[in-house]
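A.B. asks: just need the structure, nothing else, for what follows:
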Amino acid sequence: MLMRISQPKVVTKSGKSRLTAAITLEKEADQHEVRELWFEVDEKYHSYLCDERSDAFLVAMLQYAMRFGYDITCEAPITAELLYNLKFHLVPILCKSSSESWKNPKIIAETSAELLKTAGAVGTGMSCGVDSFHAAFDHRNDSEGQPRLTHLFINSIGSFDANYQKLDQAGPSKEEIKEATFARARRVAESMDLPLIESNSNFYQVYNNDLFSKTHTYATIFSVLALQKLWGIYLFAGAGDYSQFSLYEHDTKDCGWYDLLSLNCFSMRHLRFYSEGGVKTRGKKTIAIANESLAQEELHVCILRTDNCGKCQKCRRTMVTLDAIGKLNDFKNVFPVIYYQKNLDEYLEWLAKGFVKDDVFAIEIYNLFLKNEKYSEILDPMIKDIKNKKYKNSLLYKQKSEIKSLKEQIKKMEKSATKKKDQIDKQKSMINDQKHQLNASKNQIQKMRCSMSWRLTKPLRKVTKMLKRD
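C.D. replies: All right, here's what the predicted structure looks like:
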């Protein structure tokens, strides 16, 4: 099967500039499907859209090709360094370590070794979550050789479709959540005195699969490479630290676990990607932003509402972390702190369950509570109780229970067998006694017979004796 990526082109209309390319999927000689993949920004960024090369579209469709077995051909050239990184480093190891036997695609395209001229901007995404705030605050200044932020970036490339497609009809629509997210990012950008680039794309629809958690890194890199004539450095705000790097069954998990590899392979001389905050855990990032007034007013992690609901996984995780470090009340304007305090046991039980399941975030939060000597008298008994319940529901416990039951059955059978043996032995003893009695009776009868015979023959013996004398 073959995937054809057409020459990218830029179309400007109604104040928006769109970079677009046709993706043709040829399954058989007479069977093909065409999907248009596009990326859109304000018209003022028109000159930064890269239509000279297919880099953005190749990265966008790369995982799709590996997952579903397509070779790739591109009409526009590919940056030589990028093709080398993908062909000889990233793709082979991803295919080798996939659990679903990904195919290593042939990539047919001309290459360009010419250094692309860029504006050298330094950017990061601004979703207003913990990771994006950490990236932004950590690069406000250029101290100690750190690149200083010049732009903030917010994308609608799939997360609103993937995360909010099953919302409660009574709640806000995904369009309302998207608008609230963009409005929040605008306020943050204004406070930080940085320009905000707002983008839109149909990436998720083109993939036509529920694969966002497995492709979000590719989606973000696609959006950055679409504007690659703007950027010199892009700080990718990852969720985990470097120690959590893993390729094990990566095709079934969040693609962020191997950002350390993929971001390096997506980098080129004119554009460098960094996994920002990779030396810190989520808890340490939360600690780093906890004293920032801007974060206290604008932090948003919820996946269900325009505000922080306090009940979804991300809300719970963030609130419990802030409580562990004694900063939750500082975020009362963005989190339902009173609700949390009234339902503390529920939140701690949620944490305890995560701890027992070896969730890396829950373990770190528990250790923060332990360090600050909070709630140990509640958490420790909860964890012990959950472990006991978990053990009782485990296969090992069931196997041990079955073995114990079998042992008890065997013991009962042995006891029953012993009882039956005793009965048999008793019956044998009775039979032997009866035999002895029978033999004694026989002997007695024999003696009686002998005695009777002697008496009956006595007269005959006398006659015989008398005749012998004569």
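A.B. asks: doesn't Ile154 lie inside a strand?
C.D. replies: Yes: counting by DSSP: H, G, I helix; E, B strand; the rest coil, Ile154 is located in a strand.
A.B. asks: now stretch 134-149: average pLDDT?
C.D. replies: For stretch 134-149, mean pLDDT rounds to 88.
A.B. asks: can you list the buried residues in that stretch?
C.D. replies: For stretch 134-149, a neighbour-count test (16 or more other C-beta atoms under 10 Å) marks 134-139, 147, 149 as buried. Bear in mind the C-beta positions are built from the backbone N, C-alpha and C, glycine included.
A.B. asks: check those residues and tell me the two furthest apart.
C.D. replies: Farthest-apart pair in these is His134 and Pro147; separation 15.0 Å (C-beta to C-beta).
A.B. asks: Gly232 sits in which helix or strand?
C.D. replies: Assigned by DSSP states H and E, Gly232 belongs to strand 231-237.
A.B. asks: name the helices or strands packed onto the next helix or strand after that strand?
C.D. replies: Next in sequence after strand 231-237, counting helices and strands by DSSP H and E, comes helix 259-266. Using 3 or more C-beta pairs under 8 Å, 6 or more residues apart in numbering; DSSP states H and E as the contact test, the elements touching helix 259-266 are helix 80-85, helix 212-226, strand 272-276.
A.B. asks: can you do 6 Å?
C.D. replies: If contacts are counted by 3 or more C-beta pairs under 6 Å, 6 or more residues apart in numbering; DSSP states H and E, helix 259-266 sits against helix 212-226, strand 272-276.
A.B. asks: give me whichever of the ones you listed is most buried.
C.D. replies: helix 212-226 (a mean of 23; mean count of other C-beta atoms under 10 Å).
A.B. asks: now it - C-alpha only, CSV.
C.D. replies: Below are the C-alpha coordinates for helix 212-226, written out as CSV (Å, rounded to 0.1, in the frame of the first residue of the first chain):
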residue,chain,number,x,y,z
PHE,A,212,-4.8,11.1,20.0
SER,A,213,-3.0,9.9,23.1
LYS,A,214,-0.7,7.8,20.9
THR,A,215,-0.1,10.6,18.3
HIS,A,216,-0.2,14.0,20.2
THR,A,217,3.6,14.5,20.0
TYR,A,218,3.4,14.0,16.2
ALA,A,219,0.5,16.4,16.0
THR,A,220,2.3,19.1,17.9
ILE,A,221,5.5,18.6,15.8
PHE,A,222,3.4,18.8,12.7
SER,A,223,2.1,22.2,13.8
VAL,A,224,5.6,23.5,14.6
LEU,A,225,7.1,22.2,11.3
ALA,A,226,4.2,23.8,9.4
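A.B. asks: got the angle between that helix and strand 231-237?
C.D. replies: Going by axes from the mean of the first three to the mean of the last three C-alpha atoms, to 10 degrees, helix 212-226 is angled at 160 degrees with respect to strand 231-237.
A.B. asks: pull the distance from helix 212-226 to the chain's centre.
C.D. replies: 18 Å (C-alpha atoms, centre = their mean, to the nearest Å).
A.B. asks: now the strands for the chain?
C.D. replies: 2-5, 9-13, 16-28, 31-42, 71-74, 78-79, 107-108, 111-112, 121-125, 151-156, 196-201, 231-237, 272-276 (DSSP state E).
A.B. asks: those strands: which one's closest to Val59?
C.D. replies: Val59 lies closest to strand 78-79 among these, at 9.9 Å (C-beta to C-beta).
A.B. asks: tell me which strands that closest one pairs with, and in which orientation.
C.D. replies: strand 111-112 (parallel) (DSSP bridges).
A.B. asks: coming back round to it: okay if I get the helices and strands packed on helix 259-266 as JSON lines plus distance to Cys312?
C.D. replies: Output for those, formatted as JSON lines (distance: least, C-beta to C-beta, whole Å):
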{"stretch": "helix 212-226", "distance to Cys312": "15"}
{"stretch": "strand 272-276", "distance to Cys312": "24"}
